[in-house]
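Engineer: here's a sequence, model it:
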Amino acid sequence: MIDNKVPPGPLTEKWTRCQQELRLISPSQRNKYHVLVVGAGLAGASAAATLAEQGYRVTVMTLLDSPRRSHSVAAQGGVNGAKNYCNDGDGVYRMFADTLRGGDFRAREAGVYRLAELSARVIDMLVAQGVPFAREYGGSLRNRSFGGVQVSRTFYARGQTGQQLLLGVHGSLLRQVHAGRVCLLTRREMLDLVVVEGRAVGVIARNLLSGALENHAADAVVIATGGYSSVFQLSTNAIRSNASAVWRCYRRGAWFANPCFTQFHPTCVPPFHAAQSKLTLMSESLRNDGRIWVPVQAGDERCPAQIPEEERDYFLERLYPAYGNLVPRDLASRATRSMVEAGRGVGPTAAAVYLDFADALERVGADILKERYGNLFAMYREITGENPCQAPMQICPAPHFTMGGLWVDYHLRSNLSGLFVIGEANCADHGANRLGANSLLQTMVDGAFVLPRTLTHELAERGRSTVCPDDSAFEACRVQCRERIRHLLGGKGQLTPREVHSRLGEILLKYVGVSRSAAGLLSARQEIAGLQAEFEASLGVVGDGESLQEELERAMRVGDFLELADLMCLDAWHREESCGAHFRQEYQTDSGEPLRNDEKFAHLAVWAWNGSGQAATLHREPLVFEELAPVQRKYV
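Structural biologist: Here you go, the predicted structure:
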């Protein structure tokens, strides 16, 4: 039986009870402990700054040249907080219910409630850090609505909320760096996790500028490296976002939960070139004022201005009248895909739909819209050459967020002692579908409020690690890393890592995309196995590995992507139900909505590595619903 460490008692008291039972470390003793944080986005930076403020010695590692370039900067729409500033009936319980229902009841109740419970404190902290949230004329913080809810609880800074949050948290981190309590290592990529007798004691990292391998020992390791949507190659993730840190932990014994739970964002700029390396997100907040539609007639190639109102299908408003264009992302993406498959898509590839601001322009005017979304409109115009105030945007679904990740308990600790996982890198709070503006929230809740309490308890219980950087365990791990690099550099074929990644993305988008089927998933595994064999036999990487070498970095990440993709397919094949963003074509209602099987699949699917070429072992953590009974989601 998997112990998730959720305390007994009423849901509203679980986190309070948990904190009361956690052990403490005296402030005068904390500087004896060393914590290594891998990743410096919002989750990693907030965790490092908070731990350093409490007196711990912290090392932060990022593969970028600055934490300010972390992918958190790309979040646009906002961060949720249950403050009820709009007096529209919001509160902690409603936010909990919205989030659990939005995730289609595939998350722990206790974790979801804690996320909602701490959300107001997150907003207060961010305001104190100087984040310039939008404000009403009188000075109070302004809110807007996001998908899957009927209240306004999202705090935002135009269309660049992630950037502004990261600036605030980065300032707190640099304060600790200058105080000497945080050692910030840039251009370092984690290659492997060092585990001794079931405890994570450090990592092997590669200096991306010199190629040198480095040993980093610690009393606790925190993984905060984000999600794995970039396995699809074309995604909204940054090009350098990858899954290697979490995958290396998985190969060292950390469990991986629900890898098939991958979310497609419904409002992205369609791809426009075969050599394109990533996709651009258009914030969900645009659906507050934009209306999504397609022509009624399939194959209609007229420009949108020539299509009269009676020949337009505002399909989200028709299918989900209670929520309209602000339904959860999984529903909006599937509805969009069904319109495209029916031949009603628009644009050069007929794979997009329109996001139209004509009604909003008439209602509030261009100046107000530019105040709300000015940088988003400018971004879209720069990419496409079209002005959203003059012609509708063209948008399509694209890989965006991953709800799966390394398994963690209520303390955010993996099954390995000493290894904590925070933010999108874990599987904790979003179930089978994340609601908009909860991603930034989770990073801050995990990093600034939960981890500092639970990690302290772990250190108090386990004590300091006795393994030094020159220990034989580190040397054995370094040898394996060197051998892996030597093997990749030894390939003299003509196949490039970029080509392999592109082909892998095509397989995943075809078989493990917005919808899946048993036959398609089996085909995907066969094609991935063939691609992996070709990768091993025909890869060509030039260089010696002793300097800046991006092609080697890419080859290592693509090798991990290939293994992860197979696990995603296996997990999707085993989960014989539809829930949230995991939509199996064989399991749907008469109206085409996801059909869950709570009797057999109300659990977290937890996978354990058994070695290369060996089938992973599936464990199950049952989900218990004491407060909110699972029901069929209805947004009509």
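
Engineer: gap between R462 and V500?
Structural biologist: For R462, the distance to V500 (Cβ to Cβ, to the nearest Å) stands at 41 Å. Heads up, the C-betas are built off the backbone N, CA and C, glycines and all.

Engineer: which of these two has more residues huddled nearby?
Structural biologist: V500 (23 against 13; other Cβ atoms under 10 Å).

Engineer: list the buried residues in stretch 550-559.
Structural biologist: 552-559 (16 or more other Cβ atoms under 10 Å).

Engineer: again, but for stretch 321-340
Structural biologist: Of the residues in stretch 321-340, 323-337, 339-340 count as buried by neighbour count, 16+ other Cβ under 10 Å.

Engineer: off-centre distance for that stretch?
Structural biologist: In this view, stretch 321-340 has its centroid 20 Å away from the chain centroid, taken as Cα atoms, centre = their mean, to the nearest Å.

Engineer: can I get that stretch in CSV, CA atoms only?
Structural biologist: Extracted in CSV, the C-alpha atoms of stretch 321-340 (Å, rounded to 0.1, in the frame of the first residue of the first chain):
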residue,chain,number,x,y,z
PRO,A,321,-24.0,27.6,-22.7
ALA,A,322,-23.4,27.9,-18.9
TYR,A,323,-19.7,28.6,-19.4
GLY,A,324,-19.5,29.6,-23.1
ASN,A,325,-16.0,30.2,-24.3
LEU,A,326,-14.6,29.8,-20.8
VAL,A,327,-15.0,26.0,-20.5
PRO,A,328,-12.0,23.9,-19.2
ARG,A,329,-9.2,23.5,-21.7
ASP,A,330,-9.7,19.8,-22.4
LEU,A,331,-13.3,20.4,-23.5
ALA,A,332,-12.4,23.4,-25.6
SER,A,333,-9.5,21.6,-27.3
ARG,A,334,-11.6,18.5,-28.1
ALA,A,335,-14.5,20.6,-29.4
THR,A,336,-12.0,22.5,-31.6
ARG,A,337,-10.5,19.3,-32.9
SER,A,338,-13.9,17.9,-33.8
MET,A,339,-14.7,21.0,-35.8
VAL,A,340,-11.5,20.7,-37.7
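
Engineer: what sits up against stretch 366-383?
Structural biologist: 76, 144, 158-160, 269, 272, 280, 282-283, 285-286, 289, 357, 360-361, 386-389, 393 (Cβ atoms under 8 Å, 6 or more residues apart in numbering).

Engineer: ditto for stretch 474-484
Structural biologist: Residues outside stretch 474-484 that contact it (Cβ under 8 Å, 6+ apart) are 191-192, 194, 202, 204, 206, 213, 215, 217, 467, 556.

Engineer: what pLDDT, on average, does it get?
Structural biologist: The average pLDDT within stretch 474-484 is 97.

Engineer: and for stretch 236-243?
Structural biologist: Here the average pLDDT along stretch 236-243 is 96.

Engineer: what does that stretch rub up against?
Structural biologist: Contacts of stretch 236-243 (Cβ under 8 Å, 6+ apart): 63-64, 71, 74, 225-231, 265, 268, 277-281, 398-400, 557, 560-561, 564.

Engineer: which helices and strands sit right next to the helix or strand containing F420?
Structural biologist: Applying DSSP states H and E as the criterion places F420 in strand 419-421. Strand 419-421 makes packing contacts with strand 220-223, helix 244-251, helix 451-462 when contacts are defined by 3 or more Cβ pairs under 8 Å, 6 or more residues apart in numbering; DSSP states H and E.

Engineer: how about these, which one is nearest Y33?
Structural biologist: For those, proximity to Y33 was assessed by Cβ to Cβ; helix 451-462 is nearest, at 5.4 Å.

Engineer: for the closest one, list every residue counted as buried.
Structural biologist: For helix 451-462, the neighbour count (16+ other Cβ under 10 Å) marks 451-459 as buried.

Engineer: beyond that helix, next helix or strand please.
Structural biologist: helix 472-490.

Engineer: where does pLDDT dip in the stretch 451-600 of the chain?
Structural biologist: The stretch 451-600 of the chain contains no residues with pLDDT under 70.

Engineer: what about the helices in it?
Structural biologist: Secondary structure of the stretch 451-600 of the chain (DSSP state H, counting those that start in this stretch): helices located at 451-462, 472-490, 497-511, 518-538, 550-574, 598-601.

Engineer: out of these, flag the one nearest A110.
Structural biologist: helix 451-462 (13.2 Å).

Engineer: that older thread, can you say which of the contacts of stretch 366-383 are buried?
Structural biologist: Among these, those that count as buried by neighbour count (16+ other Cβ under 10 Å) are 76, 144, 158-160, 269, 280, 282-283, 285-286, 289, 357, 360-361, 388, 393.

Engineer: just the ones of those residues in strands?
Structural biologist: Counting by DSSP state E, the buried ones among the contacts of stretch 366-383 place 144, 269, 280, 393 in strands.

Engineer: look at stretch 384-392 and report the distance between its end residues.
Structural biologist: 12 Å (Cα to Cα, to the nearest Å).

Engineer: check for me that C396 belongs to a helix.
Structural biologist: No. C396: not assigned to a helix; according to DSSP: H, G, I helix; E, B strand; the rest coil it is strand.

Engineer: can you confirm V35 is in a strand?
Structural biologist: Yes. Residue state for V35 (three-state DSSP) corresponds to a strand.

Engineer: quick one, what contacts it?
Structural biologist: So V35 contacts 48, 51, 56-59, 218-222, 455 (Cβ under 8 Å, 6+ apart).

Engineer: cool, and R252?
Structural biologist: Neighbour list for R252: 192-193, 195, 200, 416, 609 [criterion: Cβ under 8 Å, 6+ apart].

Engineer: excluding chain neighbours, give the residue nearest to G162 in space.
Structural biologist: Leaving aside its sequence neighbours, G162 sits nearest to A75 (Cβ to Cβ, 6 or more residues apart in numbering; 2.8 Å).

Engineer: any idea of the pLDDT on the one you found?
Structural biologist: Reading off the model, A75 has pLDDT 94.

Engineer: so that it lines up with my notes, have the first residue be 199 from now on.
Structural biologist: Okay, residue one is now 199; in that scheme the one you just asked about reads as A273.

Engineer: so it sits against G357, correct?
Structural biologist: No. Using Cβ atoms under 8 Å, A273 is not in contact with G357; the gap is 9.8 Å.

Engineer: just put the buried residues of stretch 748-757 in CSV and tack on distance to I683.
Structural biologist: Converted to CSV, the buried residues of stretch 748-757 look like this (distance: Cβ to Cβ, whole Å):
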residue, distance to I683
L750, 7
E751, 10
R752, 13
A753, 9
M754, 8
R755, 13
V756, 14
G757, 11
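
Engineer: what number of residues lie near the closest residue to R752 other than its chain neighbours?
Structural biologist: Excluding the flanking residues, the one nearest R752 by Cβ to Cβ, 6+ apart is P695, at 4.2 Å. P695 has 23 neighbouring residues, counting by other Cβ under 10 Å.

Engineer: show me what contacts P695?
Structural biologist: Per Cβ under 8 Å, 6+ apart, neighbours of P695: 737, 739, 749, 752-753, 755-756.

Engineer: repeat for E656
Structural biologist: Going by Cβ under 8 Å, 6+ apart, the list of residues near E656 reads 418, 609, 611, 615-616, 618.

Engineer: ok, it to Q640 distance?
Structural biologist: Plainly put, E656 is 20 Å away from Q640 if you go by Cβ to Cβ.

Engineer: and if you look at N440?
Structural biologist: Look at N440 and Q640: by Cβ to Cβ, they are 20 Å apart.

Engineer: return the distance of L707 relative to P597.
Structural biologist: For L707, the distance to P597 (Cβ to Cβ) stands at 8 Å.
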